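Colleague: Only the shape, not the letters, is given here:
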């Protein structure tokens, strides 16, 4: 059984989620306050954490930051807010995924199973190293990308940028950081090669240029590779 730590101050909701997950072989423990989360993790380390955003004692963002200082445990954040800012902030501070309230138990279950598949992925026997996000597979050793079972033929430069984005999944990277990692130069305020390459990547994966979901534009800040959008 996979162990889930549910950090949620609504005792009734926590009970309903726990009961549902237990039907599907998840062992669930509950913490009702944010400031009790770290102790609970140390006392009985879970396989995955479900973290509410609005908590007494310490809010979900701060809890997530504290967890990330000492652990890479997968975190799914719960929020009643549909604001993109909160979703992006949650991913930036270290959450791996988010689910909006009111919680649909089947969706939460699917997200937990997907995130555990990713977190439990290991290098293959032949030594290859894989990045897995839903239907996306990136073989770093073979430099091969497959999307929904089909190999995607990327130019070398586009592949290199794609890997940089995928390895920083859930975190906004600005143009300067992307260029330094990608080409070893800083952003001069004019260079548009990042934007052009990302436009090509979006076309390869059917990501709507006007409302991209897989590689998001966070206006005024940079680009974000969304780890959950590849589940579709």
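Modeller: Done, it's in. Remember, predicted model here, so these are calculated numbers, not experimental data.

Colleague: How far does stretch 85-103 sit from its chain's centre?
Modeller: 8 Å (CA atoms, centre = their mean, to the nearest Å).

Colleague: How about the most centrally placed residue in the chain, nearest residue that isn't a chain neighbour?
Modeller: The centroid of the chain falls nearest to residue 96 when counting by CA atoms, centre = their mean (3.0 Å). Excluding the flanking residues, the one nearest residue 96 by CB to CB, 6 or more residues apart in numbering is residue 74, at 4.8 Å. C-beta here means a position set from N, CA and C on the backbone, and glycine is covered the same way.

Colleague: what about that neighbour, neighbour count?
Modeller: Neighbour count for residue 74, taken as other CB atoms under 10 Å: 21.

Colleague: How about the one 10 residues further on?
Modeller: Other residues within reach of residue 84 by the criterion other CB under 10 Å amount to 10.

Colleague: State the distance from it to residue 90.
Modeller: Separation of residue 84 from residue 90 (CB to CB, to the nearest Å) stands at 11 Å.

Colleague: for residue 182, same thing?
Modeller: 26 Å.

Colleague: what do you get for residue 129?
Modeller: Residue 129 is 27 Å from residue 90, by CB to CB.

Colleague: Show the subsequent helix or strand relative to the lowest-mean-pLDDT helix or strand in the chain.
Modeller: When the helices and strands of the chain are scored by mean pLDDT, DSSP states H and E, helix 84-92 comes last with a mean of 78. The element immediately downstream of helix 84-92 (helix or strand, assigned by DSSP states H and E) is strand 97-100.

Colleague: Check which residues of that following strand are buried.
Modeller: 97-99 (16 or more other CB atoms under 10 Å).

Colleague: now stretch 191-198
Modeller: 194, 197-198.

Colleague: quick one: it to chain centroid distance?
Modeller: The answer for stretch 191-198 is 24 Å, by CA atoms, centre = their mean.

Colleague: neighbouring contacts of it?
Modeller: Stretch 191-198 is contacted by residues 157-158, 161, 175, 178-179, 182-183, 185, 215, 223 when judged by CB atoms under 8 Å, 6 or more residues apart in numbering.

Colleague: pull the longest helix from the chain.
Modeller: Longest helix of the chain, by residue count under DSSP state H: helix 105-119.

Colleague: next SSE after that one?
Modeller: strand 130-133.

Colleague: Please parse this structure into its domains.
Modeller: For the chain, the TED database gives the domain ranges 2-120, 130-225.

Colleague: Relative to residue 231, which of those domains is closest?
Modeller: Closest of those to residue 231 is domain 130-225, at 3.8 Å (criterion: CB to CB).

Colleague: and the nearest residue to residue 57 once chain neighbours are set aside, how many neighbours?
Modeller: Distances taken as CB to CB, 6+ apart put residue 35 closest to residue 57, at 3.3 Å, once the chain neighbours are dropped. Applying other CB under 10 Å, we find 14 residues neighbouring residue 35.

Colleague: what's near enough to touch residue 35?
Modeller: 56-58.

Colleague: quick one: low-confidence ranges for the protein?
Modeller: 81-83, 118-128, 232 (pLDDT under 70).

Colleague: Right, I'll leave it there.
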